[in-house]
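[1] please work out how this folds:
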Amino acid sequence: MVGQSRYEKKVAANSVLGDAYHSLYGGVQYFINGDKLKILAGAEWASLQKSKDDSYDGVTYLSGIRFSF
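    Next up, the predicted model:
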């Protein structure tokens, strides 16, 4: 399995591969003016394991504003 972030890849050392990778993402959108202006927020939990002693567990928070004209 391949990790998605630079922190997850550090677990796998030289090969960027692990034995087990699990992640869960949830997010929300608030539409201010339809698809022309909206606010987004989300969080992702990820777990990457290569061996019993070498693993990564972490949470990433994301937010943003999307607009088009």
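
[2] what sits against residue 23?
    4, 44, 45, 46, 47 (CB atoms under 8 Å, 6 or more residues apart in numbering). Glycine gets a C-beta too; all of them are placed from N, C-alpha and C.

[3] ignore what I typed, I meant residue 45.
    Residue 45 makes contacts with 23, 24, 25, 57, 58, 59, as judged by CB under 8 Å, 6+ apart.

[4] let's go with 6 Å and repeat that
    When contacts are counted by CB atoms under 6 Å, 6 or more residues apart in numbering, residue 45 touches 24, 59.

[5] list the buried residues of the helix or strand hosting it.
    Residue 45 is part of strand 37-49 when elements are defined by DSSP states H and E. Residues of strand 37-49 classed as buried by neighbour count (16 or more other CB atoms under 10 Å): 38, 44, 46, 47, 48, 49.

[6] before we move on, the earlier item: among the contacts of residue 23, show me the least confident.
    Lowest pLDDT within those is found at residue 4 (58).

[7] rewinding a little: JSON lines for the contacts of residue 23, including distance to residue 32?
    Formatted as JSON lines, the contacts of residue 23 follow (distance: CB to CB, whole Å):
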{"residue": "4", "distance to residue 32": "29"}
{"residue": "44", "distance to residue 32": "24"}
{"residue": "45", "distance to residue 32": "28"}
{"residue": "46", "distance to residue 32": "30"}
{"residue": "47", "distance to residue 32": "35"}
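
[8] which among these gets closest to residue 65?
    Proximity of the contacts of residue 23 to residue 65 (CB to CB) peaks at residue 44, which lies at 19.0 Å.

[9] which residues does that closest one bridge with?
    Beta bridges link residue 44 to residue 25, residue 60 when assigned by DSSP bridges.
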